[in-house]
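In: Quick one: sequence and predicted model below, then my questions.
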Amino acid sequence: MGVVVLGIGNLLMSDDGVGVRLLQWMEEHFAPHPEVVLLDGGTAGLALLPRLVGAEALLILDAVRSDHPPGTVIFLEGKAVPARFTAGLTPHQSGVADLMAAMLLEGSLPPHAAVVGVVPQRVSLGWELSPAVASSLPEAAARAVSWLDELGWTLAPVGSQP
């Protein structure tokens with residue numbers, strides 16, 4: 001298996017759903033790649049483990065707590081990825097922390113791992129992303145696609161293929 005791009009978050013909690021919204025944005029704007037699996041992980045946590053074992057790379061899309069302004073795109077790579085989920089922002093992230101711990105324990109964390117996140121403005125009941133976070137989706141997608149390209153998994157924009 002190539003790479004898993006995992007969108008996580010709760011769509012019912014406004015900006016907490018940015019990981020899933022970003023995954024949806026990428027599905028709309030980039031052509032499928034046979035070695036890139038776009039996976040909506042929602043709030044599944046540890047239940048995702050069987051879907052990730054054997055991946056060469058893991059790219060997690062999520063809301064990321066930071067002192068930066070809302071809508072700021074954050075990129076983390078390597079050992080910063082499992083560490084990022086130890087201080088969770090929302091309940092779903094404790095499930096992702098368990099997932100990371102399980103992968104580390106069994107030695108199945110892919111050799112390449114990264115997080116593309118967006119600093120949320122609000123994490124409260126609501127369906128829509130805040131304007132600051134919604135406007136960051138193209139930049140966040142560009143960062144995700146750039147990382148995939150660096151590793152040799154190029155995603156072509158929709159409409160650019162013959």
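Out: Received the coordinates, thanks.
In: can we go C-alpha only for contacts and neighbour counts from here?
Out: Fine.
In: okay, and for this protein, where does confidence drop off?
Out: 83-94, 161-162 (pLDDT under 70).
In: Can you list phi and psi of residue 123 for me?
Out: phi -120, psi 80 (degrees, to the nearest 10).
In: what about the spatially most central residue of the chain, distance to residue 73?
Out: For the chain, residue 61 is the residue whose C-alpha lies nearest the centre (CA atoms, centre = their mean; 1.2 Å). Applying CA to CA, to the nearest Å, the value for residue 61 to residue 73 is 11 Å.
In: Quick check: neighbours shared by these two?
Out: By CA atoms under 8 Å, 6 or more residues apart in numbering, residue 61 and residue 73 have these common neighbours: 116, 117.
In: The residue nearest to the centre of the chain against residue 96, yeah?
Out: No: applying CA atoms under 8 Å, one finds residue 61 not in contact with residue 96, separated by 11.6 Å.
In: List the contacts of the nearest residue to residue 30 once chain neighbours are set aside.
Out: Among residues not flanking residue 30 along the chain, residue 157 sits closest, at 4.3 Å (CA to CA, 6 or more residues apart in numbering). Taking CA under 8 Å, 6+ apart as the contact definition, residue 157 lies against 29, 30, 31.
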